[in-house]
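> here is my input, please return the structure:
(chains A, B, C, D, E, F and G)
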Amino acid sequence: MAIRPLHDRVIVKRLEAERTTATGIVIPDSAGEKPDQGEVIAVGRGKILDNGELRAPQLKAGDRVLFGKYAGQAVKIDGEEVLVVREEDIFGVIE
Amino acid sequence: MAIRPLHDRVIVKRLEAERTTATGIVIPDSAGEKPDQGEVIAVGRGKILDNGELRAPQLKAGDRVLFGKYAGQAVKIDGEEVLVVREEDIFGVIE
Amino acid sequence: MAIRPLHDRVIVKRLEAERTTATGIVIPDSAGEKPDQGEVIAVGRGKILDNGELRAPQLKAGDRVLFGKYAGQAVKIDGEEVLVVREEDIFGVIE
Amino acid sequence: MAIRPLHDRVIVKRLEAERTTATGIVIPDSAGEKPDQGEVIAVGRGKILDNGELRAPQLKAGDRVLFGKYAGQAVKIDGEEVLVVREEDIFGVIE
Amino acid sequence: MAIRPLHDRVIVKRLEAERTTATGIVIPDSAGEKPDQGEVIAVGRGKILDNGELRAPQLKAGDRVLFGKYAGQAVKIDGEEVLVVREEDIFGVIE
Amino acid sequence: MAIRPLHDRVIVKRLEAERTTATGIVIPDSAGEKPDQGEVIAVGRGKILDNGELRAPQLKAGDRVLFGKYAGQAVKIDGEEVLVVREEDIFGVIE
Amino acid sequence: MAIRPLHDRVIVKRLEAERTTATGIVIPDSAGEKPDQGEVIAVGRGKILDNGELRAPQLKAGDRVLFGKYAGQAVKIDGEEVLVVREEDIFGVIE
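So this is what the prediction gives:
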């Protein structure tokens, strides 16, 4: 099951942030804050501007992106939580 | 009785989410949260932009869509509840 | 006495919703919630867009429409309550 | 003393609503709610749109209009209270 | 010392409203509410619209204008209080 | 050290208002309210309108301007406080 | 790891403000207020205006900029905090 987002929305899957303590023990994310990085899974066609032109999306599937802790809305697809975010709420692409 | 929505509105019928417990018992939706998926029943002609052009709808009747828990407004048609939602409040199409 | 609405406004007369119980007794509307259906009595010329063009109304007198419980503003004409609603607050036309 | 309103404003004089009880006694308006009808006394030149065009007023002096109870701002001219209202806050013309 | 207002602002000097009691005694304004009339002292060049055109001011110095009790911002010029108001907050011209 | 403001911002240095009591004693500004006059130190290139055109600034360095008590945001440059204000929050030029 | 900001966003690294007491002792910033200067690390492509044109950024990497204490949103890149700010929330360039 896949989602094709509308307009300027993108679907983002949060990346679990692995963290290692000084002694090398990996603490899974559930013990910490939610990460604010993710991978773009799908992008919409873009936003239709007031003059009728389409503003093509700057993101593409596979991009690793940075976003605010409270960006977008969480939905469950096949039991897995993803975020639906407007492209303009994405800060940037991690390279 | 059918509704022809105006402008960029769509009529959506919520899909009842069947859920199965570990032992295979199906729990009807009334015992859980409202689902946030639905089927598009009707779409308006689209939104008229500030320059007078029509932005045609991206959705069509029959599309299975994803939306936020609090999207749109519920109305009853022939005793059956449907949602009236603006297309831009629909997250995407499930494929 | 009649009202000619300005711009993108329409005048709507609420339809009294007759309801029948299982035994066939009709319960008048005053015993229930206000209905959210109505008949369009008059429509304005339409909305003038930012580029000076007129967006003609999609509704016409006689249309049976669906709207939110709290849409528009009630006014009394010759002792009868009608609603003054902007066309974009009308959900759709019942056919 | 007269007011020439600017832009899309109109000057409206409230009409005193006479009300008659079942026995025919007229109750002056001060004993009831303020009426929401009035007569247009003066209209501005119209609103200048974002593209520089003038949207001419749809109202003219002498029109009897309907408006919301809390529309506009009251000012006193020669000791008489009138309302200054934007044309788009007028519901319609009574004919 | 004079002010040349920017864009669509105007400088207005409040007019002291003399009021006469039934016996003919003039009560200076300090004993009553602030008047809401004034004289335009200076006007800006006008507002630049979204399409780059200038909307010329409708007011000129010397106009006697009507405005809301809480319009604009008071500033002192040479010890004298004047109001800086956007033209669209002026109701109209008194003629 | 100098600031080159972006877009439609200007940098303003508040003018200390000297005040003289009846006996001629000058009370420095720290004993009174902050003055609302200032001198423009630097101006940005102007605002880019929705149609892509540049609206050139109406102010230039050296202009003595009037502004509201709470306009802009104070920043320190080399230990000296200046205000960063959008041109449209400046009331006018003192001549 | 680097970030390529989207649209009209810039990435800014705050500059630590060293402060010296009268006796010459340097107090590191953690003992004082956060500085409001920073260095631009990366800029987006610019903002797409309503008419479809791109407004190119006025800032470039390496610019030393001034911004409000509460501008932008802080994110951590490789353990180092940077700010993601819209260009129009940057006051100006320090030269």
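
> low-confidence ranges, chain A, go.
A:17-35 (pLDDT under 70).

> try 50 this time
Within chain A, the segments meeting pLDDT under 50 span A:27-32.

> spatially central residue for it, please.
Centroid-nearest residue in chain A: A:Val12, 2.7 Å away (criterion: Cα atoms, centre = their mean).

> checking whichever residue of chain A sits closest to chain D next. Helix, strand or coil?
Here chain A gets closest to chain D at one residue, A:Asp50, 10.2 Å apart by Cβ to the nearest Cβ. Every residue, glycine included, has its C-beta placed from N, CA and C. Assigned by DSSP: H, G, I helix; E, B strand; the rest coil, the conformation of A:Asp50 is coil.

> quick revisit: and the helix or strand that the residue nearest to the centre of chain A is a member of, which residues are buried?
For A:Val12, the host element (DSSP states H and E) is strand A:9-14. For strand A:9-14, burial by neighbour count (16 or more other Cβ atoms under 10 Å in any protein chain shown) applies to A:Arg9, A:Val10, A:Ile11, A:Val12, A:Arg14.

> got it, and stretch A:77-94?
A:77, A:82-94.

> distance check, the residue of chain A closest to chain D against B:Asp63.
A:Asp50 sits 26 Å away from B:Asp63, going by Cβ to Cβ, to the nearest Å.

> confirm that A:Ala42 lies within a strand, as I assumed.
Yes. Under three-state DSSP, A:Ala42 falls within a strand.

> could I get the contacting residues of the residue nearest to it when sequence neighbours are not counted?
In space, and not counting its chain neighbours, A:Ala42 is closest to A:Ile11: 4.4 Å by Cβ to Cβ, 6 or more residues apart in numbering or on different chains. By Cβ atoms under 8 Å, 6 or more residues apart in numbering or on different chains, the residues touching A:Ile11 are A:Ile3, A:Pro5, A:Val40, A:Ile41, A:Ala42, A:Val43, A:Val82, A:Leu83, A:Val84, A:Val85, B:Gly92.

> so A:Ile11 bridges to which residues?
Judged by DSSP bridges, the bridge partners of A:Ile11 are A:Ala42, A:Val84.

> how close does it get to B:Val65?
Distance check for A:Ile11 against B:Val65: by Cβ to Cβ, it reads 13 Å.

> shared neighbours, those two?
Common contact partners of A:Ile11 and B:Val65 (Cβ under 8 Å, 6+ apart): B:Gly92.

> hmm, the helix or strand containing A:Lys76 in reach of chain B?
For A:Lys76, the host element (DSSP H and E) is strand A:73-77. Yes. Strand A:73-77 reaches chain B (Cβ under 8 Å from any Cβ of the partner chain) through A:Gln73, A:Val75, A:Ile77.

> quick one: the second one and A:Lys13 touch, right?
No. With contact defined as Cβ atoms under 8 Å, A:Val75 does not reach A:Lys13; the gap is 11.5 Å.

> what residues do those two have in common as contacts?
A:Val82, A:Leu83.

> quick revisit: I'd like the distance between the residue of chain A closest to chain D and B:Arg55.
On the measure of Cβ to Cβ, A:Asp50 and B:Arg55 end up 10 Å apart.

> list the residues that contact both of the two?
Residues touching both A:Asp50 and B:Arg55 (Cβ under 8 Å, 6+ apart): B:Leu49.

> mind listing the strands for chain A?
A:3-5, A:9-14, A:19-20, A:26-27, A:37-43, A:47-48, A:54-55, A:64-67, A:73-77, A:80-86, A:90-94 (DSSP state E).

> burial measure for the residue lying closest to A:Gly44 once chain neighbours are set aside, as a count.
Once flanking residues are discounted, A:Gly44 sits nearest to A:Pro5: 4.1 Å by Cβ to Cβ, 6+ apart. A:Pro5: 23 surrounding residues under other Cβ atoms under 10 Å in any protein chain shown.

> what parts of chain A come near chain B?
So chain A meets chain B at A:1-7, A:9, A:11, A:42, A:44-45, A:48, A:50-52, A:73, A:75, A:77, A:84 (Cβ under 8 Å from any Cβ).

> just the buried ones from those?
For these, a neighbour count by 16+ other Cβ under 10 Å gives the buried set as A:3-7, A:9, A:11, A:42, A:44-45, A:48, A:50-51, A:73, A:75, A:77, A:84.

> up against chain G, what does chain A have?
With Cβ under 8 Å from any Cβ as the criterion, chain A comes near chain G at residues A:36, A:49-51, A:53, A:55, A:58-59, A:66, A:68, A:87-88, A:90-95.

> closest point of chain A to chain C, which residue?
Going by Cβ to the nearest Cβ, chain C is nearest to A:Asp50 of chain A, at 8.3 Å.

> wait, doesn't that residue sit right on G:Asp50?
Yes. If you go by Cβ under 8 Å, A:Asp50 and G:Asp50 touch, sitting 4.5 Å apart.

> quick revisit: please enumerate residues in contact with the strand holding A:Lys76?
By Cβ under 8 Å, 6+ apart, the list of residues contacting strand A:73-77 from outside reads A:1-3, A:81-85, B:36, B:66, B:68, B:91, B:94.

> I'm done for today, thanks for sticking with me.
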